[in-house]
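Novice: After the sequence you'll find the predicted model.
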Amino acid sequence: MPLDTGRVSHLHLVADSDPEGASTATFQPSVDHGVDIGAALRAAREFRGLTLQDVADATRIRQGYIEALEALRLEELPSRPFTIGYVKSYAKLLGLDGDAAVDRFKLDAPDDSEPLRAPVGVRHERDPRLGLILALGVLVVAAIVLWNVAQRAIAKDTPPAQVAQSHAIAVAAAAPHAPVGGGVEGGASVSLGAPLPAPVESTTPEPYKTPGLDDAAANGGSADAVTAASKARAVTAAAATPADPSQLVGLGSAFRAKGAVYGAAQADASGLILQARKPASLTVHGADGSIYFTRWMSAGEAFRAPRNGGLIAEVSDPTAFDVYNGGALTSRMTSPTAALSKLGG
């Protein structure tokens, strides 16, 4: 008949001492004792009469961790690998199976990060349609490759087309009654077209010649000789260039004031007058650089030169000034700087 234990989950069986004084036999709680591994370890520790401090000193585990482990408060324990090591050491200290204690801990506090195991007895089956789709794809690719190979083989075996048709055949097609190579209606003969000229081959451009190199070689490599030769060519080109008709129009015409006249009074004037045809600057200074007159001249304004000698005129645009001598137009300025004595003739 089974023993009625009531609500007690585990019993400590104690054997009475034999008459010869044998010790009482007791049974230590195992790792399966209690509701979880923490309760089992606590029961085994209390069975051995150890305190939390005794366990901490023996295992080198912090007492707070031992309390959290017995209460299974995982949030107060370090990382899971360290906690598993604590369980194993604690169980061995109490004389329990360390591996069995670790298995009980993993069962009571499973790791959520571990992947779920596949259910036992379930067979993985693939969708049969995937194999059919793959086979159809392979067939399509093979058909395309074979079609391309066949097209290349047919093109290779086909003889080249006759592309060199004579002009006489074309004329015979236009006039079917005329024999090829003979005369057409009206007695005219058929002539073949002349062959096309060969394509023009690319030519090598002429090598670049440094300006003045020939002059330097002709004059012994002297820089002064090169400069003199360049000036001589410029004078020759200027002499060969026909005069600008605009410089010749109106020569000899009398001076007529079209605006203010600056400079010397008429009684002290030398007879030279510079008149602006369009806006430009005019500066008259002496040989020593002293300014005699300077102004931005508007169209029609004029400057009457004094009798002073050694004055030089500088303008921003030579073509903007007409030169009058003795009241008649004689020329136009040709350079930005000119002595008044030379302009006066």
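Specialist: Okay, I see it.
Novice: can you give me the strands in this structure?
Specialist: Listed in chain order, the strands of the chain (DSSP state E) span residues 261-263, 269-276, 280-285, 291-297, 302-306, 312-315, 321-325, 328-332, 337-339.
Novice: Nearest to Ala194, out of the ones you listed?
Specialist: The minimum distance between Ala194 and the strands of the chain falls on strand 328-332, with 60.5 Å, by Cβ to Cβ. Where C-beta positions appear, they are placed from N, C-alpha and C, glycine not excepted.
Novice: what does that closest one contact?
Specialist: Contacting residues not belonging to strand 328-332 are listed as 247, 250-255, 318-319, 321-324, 343, 345 [Cβ atoms under 8 Å, 6 or more residues apart in numbering].
Novice: Show me what the mean pLDDT comes to for that strand.
Specialist: Per-residue pLDDT over strand 328-332 has a mean of 90.
Novice: Same question for that strand: list its buried residues.
Specialist: Under the neighbour-count criterion of 16 or more other Cβ atoms under 10 Å, strand 328-332 has 329, 332 buried.
Novice: do the same with stretch 71-82
Specialist: Buried positions in stretch 71-82, judged by neighbour count with 16+ other Cβ under 10 Å: 72, 77.
Novice: Quick check: end-to-end length of it?
Specialist: The stretch stretch 71-82 measures 17 Å between its terminal residues, going by Cα to Cα, to the nearest Å.
Novice: Could you pull out the helices in the stretch 1-150 of the chain for me?
Specialist: Listed from the start of the chain, the stretch 1-150 of the chain has helices (DSSP state H, counting those that start in this stretch) covering 37-48, 52-59, 63-71, 80-93, 98-108, 128-157.
Novice: Of those helices, which stretch is the most buried?
Specialist: Most buried of the helices of the stretch 1-150 of the chain, by mean neighbour count (mean count of other Cβ atoms under 10 Å): helix 37-48, with a mean of 20.
Novice: okay, the angle between that helix and helix 98-108?
Specialist: Relative orientation of helix 37-48 with respect to helix 98-108: 140 degrees, computed using axes from the mean of the first three to the mean of the last three Cα atoms, to 10 degrees.
Novice: so which of the helices of the stretch 1-150 of the chain comes closest to Ala287?
Specialist: When the helices of the stretch 1-150 of the chain are compared for distance to Ala287 using Cβ to Cβ, the nearest one is helix 128-157, at 92.4 Å.
Novice: still on that earlier bit, got the helices of the stretch 1-150 of the chain as JSON lines, with mean pLDDT and distance to Pro306 columns?
Specialist: Formatted as JSON lines, the helices of the stretch 1-150 of the chain follow (pLDDT from 0 to 100; distance: least, Cβ to Cβ, whole Å):
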{"stretch": "helix 37-48", "mean pLDDT": "91", "distance to Pro306": "124"}
{"stretch": "helix 52-59", "mean pLDDT": "92", "distance to Pro306": "122"}
{"stretch": "helix 63-71", "mean pLDDT": "92", "distance to Pro306": "116"}
{"stretch": "helix 80-93", "mean pLDDT": "92", "distance to Pro306": "112"}
{"stretch": "helix 98-108", "mean pLDDT": "91", "distance to Pro306": "121"}
{"stretch": "helix 128-157", "mean pLDDT": "90", "distance to Pro306": "98"}
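Novice: hmm, back to that, pull out the buried members of the contacts of strand 328-332.
Specialist: Burial by neighbour count, judged by 16+ other Cβ under 10 Å, picks out 255, 321-324, 343 from the contacts of strand 328-332.
Novice: tell me which of the residues you listed is nearest to Ile66?
Specialist: Phe321 (113.8 Å).
Novice: Enumerate the beta-bridge partners assigned to that closest one.
Specialist: Under DSSP bridges, the beta-bridge partners of Phe321 are Ala276.
Novice: which residues sit in contact with the closest residue to Asp317 other than its chain neighbours?
Specialist: The spatial neighbour of Asp317 that comes closest, neighbours along the chain excluded (Cβ to Cβ, 6 or more residues apart in numbering), is Ala280 at 4.4 Å. With contact set as Cβ under 8 Å, 6+ apart, Ala280 has these partners: 296-297, 315-317, 320-321.
Novice: repeat that with 6 Å
Specialist: The contact partners of Ala280, taken as Cβ atoms under 6 Å, 6 or more residues apart in numbering, are 297, 315-317, 320.
Novice: For the nearest residue to Leu311 once chain neighbours are set aside, give its distance to Gly49.
Specialist: The shortest distance from Leu311 to any residue other than its chain neighbours is 4.6 Å, reached at Leu340 (Cβ to Cβ, 6+ apart). When Cβ to Cβ, to the nearest Å is applied, the distance between Leu340 and Gly49 equals 134 Å.
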